[in-house]
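Q: Predicted model and sequence follow; I will ask about them next.
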Amino acid sequence: MVNVKKLDIQYGFNFDNSYLKLPPIFHQKQKPTTVSNPNIVLFNDVFAASLGLNTDVVKKQGGQFLTGNLLMNGSEPIAQAYAGHQFGHFNILGDGRAILLGEHITPNKQRVDIQLKGAGRTPYSRSGDGRAALGPMLREYIMSEAMHALGIATTRSLAVATTGEPVYREAPYPGAVLTRIAASHIRVGTFQFAAATQNQQQLQALTDYTIHRHFPEVANTDNPPLELLKRVIDLQALLIAKWMHVGFIHGVMNTDNMSICGETIDYGPCAFMNSYHPETVFSSIDTNGRYSFGNQPNIAHWNLIRLAESLLPLIHESEEQSIAMVTACLQEFPNQFFAYWLADMRKKLGIFNQEDEDIKLAEDLLMHMQKNKSDFTNTFRALAQKSAESTALYQDAGFKNWLTLWKARLSRQNETFADSIVLMQSVNPAVIPRNHLVEEALDAAVSNNDMSPLHKLLSVLSNPYAALDHSSKYTQPPALLFDEQYKTFCGT
Ligand code: AMP
Ligand code: MG
């Protein structure tokens, strides 16, 4: 034991576990299942340092800890219970292959969850094996770190470690564990789970806990559960607007995959759109387009209604009153989303002041992009690089006309064109994790044990707004028809 303590001081983990204090229905004690040959294959040095971890020591010796073979001192591992609407159908779920090691307090006093994804079976595993394959864990690492660098709230990835054991899917794959760091793993589905127990004290306990952890400012208001709902509505409106501005498609916006604190969570079949089309879907199982690019605001709204339903008993003793109160808040979601969307869209177009016609200007650009199957990222970046005239879209007379209107619009503000360029370059990324590049990097890593394309990709993605030569392969859309055939899968 003395040794373990010593190691912990070296590692820098600083646990203070509060989730365990919730009523027992919300979690089950569960240690990770040991693995035969742990080996860290990817480690996030910069992020580890910001968490207060001793990067060199963790990286060199931490494989045992980051696969769950050894527990850090202070870790009290649990699997969390939750429920969720999956493609509209309600199910009782829970961490089937993720284990929360505990909550770590960072040097600047942030409380974060440390979770191992792929750490073995739990009481919530149902028929699953509790394991994860290397490819999907590396994929989550790339996508979440790219989102973070784009400035979008997200869970983070600290490391991926292989287990030395195969996982069996359609074929055997190397098994791996992702160390995921999140502000918390409380989901809309956690509230649905609490509501489904029909025990108001339990629902109240989760609500109080969530308010204390994420929204302490609402604790002393007249109606904390209602204020909690309003805060979550606002954070989701902001988050989805950010997704829409970089072409991110989550792919599986089930209520169990929507975090209460407004972080993007659960990178399964997610992907970035290349050519602009609101109906874009990559997920192999999303045959009706429920989670298509353009439907994300509607689905977020639908999920928030599920959250509100769960909170009803705490909001007012009269159900009718409660419904009236939450309905008034929920009705605001489309406006809140649109206000965030428009504010950032103005930035994407280099606009500082406000005119009513800005909405039409933005929508017309999207219409030209859709008609011409233009690359979403590169079209905005071309505006920011004064190179719109050299895009294929410029052959379209409608777009040419749009450019004239846009330039006229930019002249109707105090800021100069140079100011607009600076603004646009700060919000229109030059690089996103394009599907073909992600696949190329994963293929090299998983099939050839070659991590260099992945490291190179991560390095480019870590600075997405930097000017890049447009001939760089990282800015190029995939070959014709790649996207038509590209399918993503739930992170199994
Ligand atoms: P996801 O699609 O990753 O959001 O997972 C949906 C539910 O299935 C969650 O309750 C997961 O914990 C569970 N799950 C996914 N994959 C596995 C697996 N390999 N073993 C056990 N449970 C799993
Ligand atoms: Mg999930």
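A: It's in. Ligands and ions are numbered 1, 2, ... in the order given.
Q: Please read off the pLDDT at Lys5 from the model.
A: Looking at Lys5, its pLDDT stands at 53.
Q: again with Met147
A: Met147 is given a pLDDT of 98.
Q: Contact partners for Ile285?
A: Phe87, Pro269, Phe489, Cys490 (Cβ atoms under 8 Å, 6 or more residues apart in numbering). Any C-beta I mention is one placed from the backbone N, CA and C, and that applies to glycine too.
Q: Which parts of the stretch 251-400 of the chain are strands?
A: 271-272 (DSSP state E, counting those that start in this stretch).
Q: The stretch 1-150 of the chain too?
A: Counting by DSSP E, counting those that start in this stretch, the stretch 1-150 of the chain has these strands, from start to end: 27-29, 39-43, 78-80, 83-86, 89-92, 98-105, 111-117.
Q: can you list those in CSV and add mean neighbour count?
A: Formatted as CSV, the strands of the stretch 1-150 of the chain follow (neighbours: other Cβ atoms under 10 Å):
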stretch, mean neighbour count
strand 27-29, 16
strand 39-43, 20
strand 78-80, 24
strand 83-86, 21
strand 89-92, 13
strand 98-105, 23
strand 111-117, 22
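Q: With ligand 2 as the reference, measure out to Leu134.
A: Remark: distance between Leu134 and ligand 2 (Cβ to the ion, to the nearest Å) = 19 Å.
Q: and that residue, how many residues sit next to it?
A: By other Cβ atoms under 10 Å, the residues close to Leu134 number 24.
Q: Then Glu415?
A: 14.
Q: a strand runs through it, doesn't it?
A: No - when classified by DSSP: H, G, I helix; E, B strand; the rest coil, Glu415 is found to be coil rather than part of a strand.
Q: anything in stretch 30-37 near ligand 1?
A: No - Stretch 30-37 lies apart from ligand 1 when judged by Cβ under 6 Å from any ligand atom; the minimum separation is 11.4 Å.
Q: Can you list the buried residues in that stretch?
A: Gln30, Lys31, Pro32, Thr33, Val35 (16 or more other Cβ atoms under 10 Å).
Q: What distance separates the opening and closing residues of it?
A: 21 Å (Cα to Cα, to the nearest Å).
Q: Ligand 2 contacts on the protein?
A: Contact residues (Cβ under 5 Å from the ion) of the chain with ligand 2: Asn257, Asp266.
Q: mind giving me the domain ranges of the chain?
A: 5-184, 189-340, 349-492 (automatic domain parsing).
Q: Flag the shaky bits of the stretch 351-492 of the chain, pLDDT-wise.
A: 470, 491-492 (pLDDT under 70).
Q: I should have written the stretch 101-250 of the chain there, sorry.
A: In the stretch 101-250 of the chain, no residues with pLDDT under 70.
Q: in it, which spans are helices?
A: 134-150, 188-196, 200-214, 224-246 (DSSP state H, counting those that start in this stretch).
Q: among those, which is the most enclosed?
A: helix 188-196 (a mean of 26; mean count of other Cβ atoms under 10 Å).
Q: Return that helix as CSV; C-alpha atoms alone will do.
A: What follows is helix 188-196, C-alpha atoms only, in CSV (Å, rounded to 0.1, in the frame of the first residue of the first chain):
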residue,chain,number,x,y,z
VAL,A,188,-30.5,13.7,-19.8
GLY,A,189,-30.9,9.9,-19.5
THR,A,190,-29.7,10.0,-15.9
PHE,A,191,-32.7,12.2,-15.1
GLN,A,192,-35.0,9.9,-17.1
PHE,A,193,-33.6,7.0,-15.0
ALA,A,194,-34.3,8.9,-11.8
ALA,A,195,-37.8,9.8,-12.9
ALA,A,196,-38.5,6.1,-13.9
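Q: still on that earlier bit, would you list the buried residues of stretch 30-37 in TSV and tack on pLDDT and distance to Phe338?
A: Converted to TSV, those look like this (pLDDT from 0 to 100; distance: Cβ to Cβ, whole Å):
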residue	pLDDT	distance to Phe338
Gln30	98	43
Lys31	98	47
Pro32	98	44
Thr33	98	47
Val35	98	48
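Q: and which of those residues is nearest ligand 2?
A: Gln30 (16.7 Å; Cβ to the ion).
Q: Quick one, grab the pLDDT at the closest residue to ligand 2 within the chain.
A: Nearest to ligand 2 in the chain, going by Cβ to the ion, is Asp266, at a distance of 4.0 Å. Predicted confidence (pLDDT) at Asp266: the value is 96.
Q: what about Asn54, neighbour count?
A: 16.
Q: re the thing from before, so which of the strands of the stretch 1-150 of the chain is nearest Asn295?
A: strand 83-86 (14.8 Å; Cβ to Cβ).
Q: Paired strands for that closest one, with orientation please.
A: strand 89-92 (antiparallel) (DSSP bridges).
Q: got the CA positions of the strand it pairs with in CSV?
A: The C-alpha trace of strand 89-92 is given here as CSV (Å, rounded to 0.1, in the frame of the first residue of the first chain):
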residue,chain,number,x,y,z
HIS,A,89,-37.4,4.2,-27.8
PHE,A,90,-37.0,4.3,-24.1
ASN,A,91,-34.6,1.8,-22.4
ILE,A,92,-33.0,1.4,-19.1
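Q: ok, residues contacting that strand?
A: Ala81, Ala83, Gly84, His85, Gln192, Phe193, Ala196.
Q: if we can go back for a sec, show me which of the contacts of Ile285 is closest to Ile99.
A: Once Cβ to Cβ is applied, the member of the contacts of Ile285 that ends up nearest Ile99 is Cys490, at 19.2 Å.
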